[in-house]
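Asker: Okay, predicted coordinates and the sequence, questions at the end:
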Amino acid sequence: MKVAIVTGGSSGIGQGTAIQLAKRGVGVLLTYSSNRQGALDTVAAIEEEGGTAVALSLDVGRSDSFPAFRTAVARALRDTWQRDTFDHLVNNAGFAQMSMFEDTTEELFDALSRVLLKGPYFLTQTLLPLLADGGAIVNTSSNSARASGMEAGYSAYATMKGGLDVLTVYMAKEFSGRGIRVNGVAPGSTRTRLADNAFERFPEVIPALAAKTALGRVGEPEDIGMVIASLLSEESRWITGQNIEVSGGYGL
């Protein structure tokens, strides 16, 4: 059985990805920060369908916690899957906060950097010895880092996602000697808990976003999860170093 680590698996795209991977017979080790109940719900949903999942706590913004997390991962791999390695890594955990350029503080800029860019960089570095040769990584980016998805107020957030896009290509280049593929997905407007549950708090924005989307609706977590699961799978074995927009044609 293949095993995947999905960060931020307690809700949204991470949860959708974990469930889609489990449907394909992949064991899932998912992480959560503050939303432990959401992580347990994801595990329960996977187990109800006959899959195997484990939830571990992780704050992607605290790189000093990564060595202890790797120890916990190694223990979970042995105890649950009788393995010393895993096959797939999905760097998905994150947060979004809108702030116009002139209002953006150093504190917000640094927080976004720690979680969205520094976190994936050093977490991947920490876990790389446990990642099996021939494995695959997907980084969750955003179409806010592309011309098609630019909206005022996301300069700091999108800057980190743009950095992640560059990191994806460098990872693909440097890890290729071990047969490890690395790709990114850039979701458009997707119904998640990001930005402090903005979709639930401001449902009136949904029709406007749907109107900007060629396929006529906002994205759902499973829309993105299916693409991530596909990129990790054997069917995508000849794809690496790509950042794929998954937005239903936002801005077309």
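Answerer: Done, it's in. Residues are numbered from 1 along each chain as shown.

Asker: Which parts of the stretch 151-252 of the chain are helices?
Answerer: In the stretch 151-252 of the chain, the helices defined using DSSP state H, counting those that start in this stretch lie at 155-175, 194-201, 206-211, 221-232.

Asker: Present these as a markdown table; the columns should include distance to residue 134, mean neighbour count and mean pLDDT.
Answerer: C-betas here are computed from N, CA, C, even on glycine. Formatted as a markdown table, these follow (distance: least, CB to CB, whole Å; neighbours: other CB atoms under 10 Å; pLDDT from 0 to 100):
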| stretch | distance to residue 134 | mean neighbour count | mean pLDDT |
| --- | --- | --- | --- |
| helix 155-175 | 11 | 19 | 98 |
| helix 194-201 | 32 | 14 | 56 |
| helix 206-211 | 39 | 13 | 87 |
| helix 221-232 | 12 | 23 | 97 |
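
Asker: Relative to residue 143, which of the ones you listed is closest?
Answerer: helix 155-175 (8.8 Å; CB to CB).

Asker: Kindly export the closest one (C-alpha atoms) in CSV.
Answerer: C-alpha atoms of helix 155-175 as CSV (Å, rounded to 0.1, in the frame of the first residue of the first chain):
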residue,chain,number,x,y,z
SER,A,155,0.1,40.9,-2.4
ALA,A,156,1.8,39.3,0.6
TYR,A,157,-0.1,36.0,0.4
ALA,A,158,0.4,35.7,-3.4
THR,A,159,4.1,36.6,-3.0
MET,A,160,4.6,33.5,-0.9
LYS,A,161,2.6,31.4,-3.3
GLY,A,162,4.7,32.7,-6.1
GLY,A,163,7.8,31.7,-4.2
LEU,A,164,6.3,28.3,-3.7
ASP,A,165,5.9,27.9,-7.4
VAL,A,166,9.6,28.6,-8.0
LEU,A,167,10.4,26.1,-5.2
THR,A,168,8.3,23.4,-6.9
VAL,A,169,10.4,23.6,-10.0
TYR,A,170,13.7,23.5,-8.0
MET,A,171,12.5,20.6,-6.0
ALA,A,172,11.6,18.8,-9.2
LYS,A,173,15.1,19.4,-10.6
GLU,A,174,17.0,18.5,-7.5
PHE,A,175,14.9,15.4,-6.5
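
Asker: Which parts of the stretch 51-200 of the chain are strands?
Answerer: 53-57, 86-91, 131-140, 181-187 (DSSP state E, counting those that start in this stretch).

Asker: So for residue 149, which of those strands sits nearest?
Answerer: Among the strands of the stretch 51-200 of the chain, strand 181-187 comes nearest to residue 149, with 7.5 Å by CB to CB.

Asker: Pairing partners for the closest one, with directions?
Answerer: strand 131-140 (parallel), strand 243-246 (parallel) (DSSP bridges).

Asker: just to revisit the earlier point, could the helices of the stretch 151-252 of the chain go into CSV alongside distance to residue 32?
Answerer: Shown next, in CSV, are the helices of the stretch 151-252 of the chain (distance: least, CB to CB, whole Å):
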stretch, distance to residue 32
helix 155-175, 21
helix 194-201, 15
helix 206-211, 26
helix 221-232, 15
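
Asker: For residue 72, which of these is the nearest?
Answerer: Distance to residue 72, taken as CB to CB, is lowest for helix 221-232 among these, at 21.9 Å.

Asker: Which residue lies nearest the spatial centre of this protein?
Answerer: The residue lying closest to the centre of the chain (CA atoms, centre = their mean) is residue 92, at 1.7 Å.

Asker: who touches that residue in this structure?
Answerer: Applying CB atoms under 8 Å, 6 or more residues apart in numbering, we find residue 92 in contact with 6-9, 13-14, 17, 140, 228.

Asker: repeat that for 7 Å
Answerer: By CB atoms under 7 Å, 6 or more residues apart in numbering, the contact list for residue 92 reads 6-8, 13-14, 17, 140.

Asker: Filter the residues you listed down to the ones in strands?
Answerer: Using DSSP state E, the subset of the contacts of residue 92 located in strands is 6, 140.
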